[in-house]
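Chemist: Sequence first, then the predicted structure, then my questions.
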Amino acid sequence: MGNILYIIAVILVIGWLIGFVGFHAGGLIHILLVIALIAVILRLIRGEKV
């Protein structure tokens, strides 16, 4: 389950970069990126192991 979280976070970061550089994707991709970063930070704070 933890690996899936990191995969989703990486996909969102790549999508955000593509949207930021190449297209005007609106605010949705930025909201998804923030949610992904919060999820990763919470996982690191809790210290959950894979």
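Modeler: Perfect, thanks for sending it. Numbers count the residues shown, from 1 in each chain.

Chemist: residue ranges of the helices in this structure, please?
Modeler: 2-21, 28-46 (DSSP state H).

Chemist: what's the angle from the first one to helix 28-46?
Modeler: If you take axes from the mean of the first three to the mean of the last three CA atoms, to 10 degrees, helix 2-21 sits at 150 degrees to helix 28-46.

Chemist: who does helix 2-21 touch, helix- and strand-wise?
Modeler: Here helix 2-21 is seen to pack against helix 28-46 when contacts are counted using 3 or more CB pairs under 8 Å, 6 or more residues apart in numbering; DSSP states H and E. Bear in mind the C-beta positions are built from the backbone N, C-alpha and C, glycine included.

Chemist: Quick one: list the elements packing against the helix it packs on.
Modeler: Using 3+ CB pairs under 8 Å, 6+ apart, helix 28-46 sits against helix 2-21.

Chemist: Could you list the buried residues of the helix it packs on?
Modeler: Of all the residues in helix 2-21, those buried under the rule 16 or more other CB atoms under 10 Å are 5, 9, 12, 16, 19.

Chemist: if I pick Y6, what's in contact with it?
Modeler: Contacts were defined as CB atoms under 8 Å, 6 or more residues apart in numbering; by that measure Y6 touches V40.

Chemist: repeat that with 10 Å
Modeler: Under the criterion of CB atoms under 10 Å, 6 or more residues apart in numbering, the contact partners of Y6 comprise 36, 39-40, 43, 50.

Chemist: Noted, bye for now.
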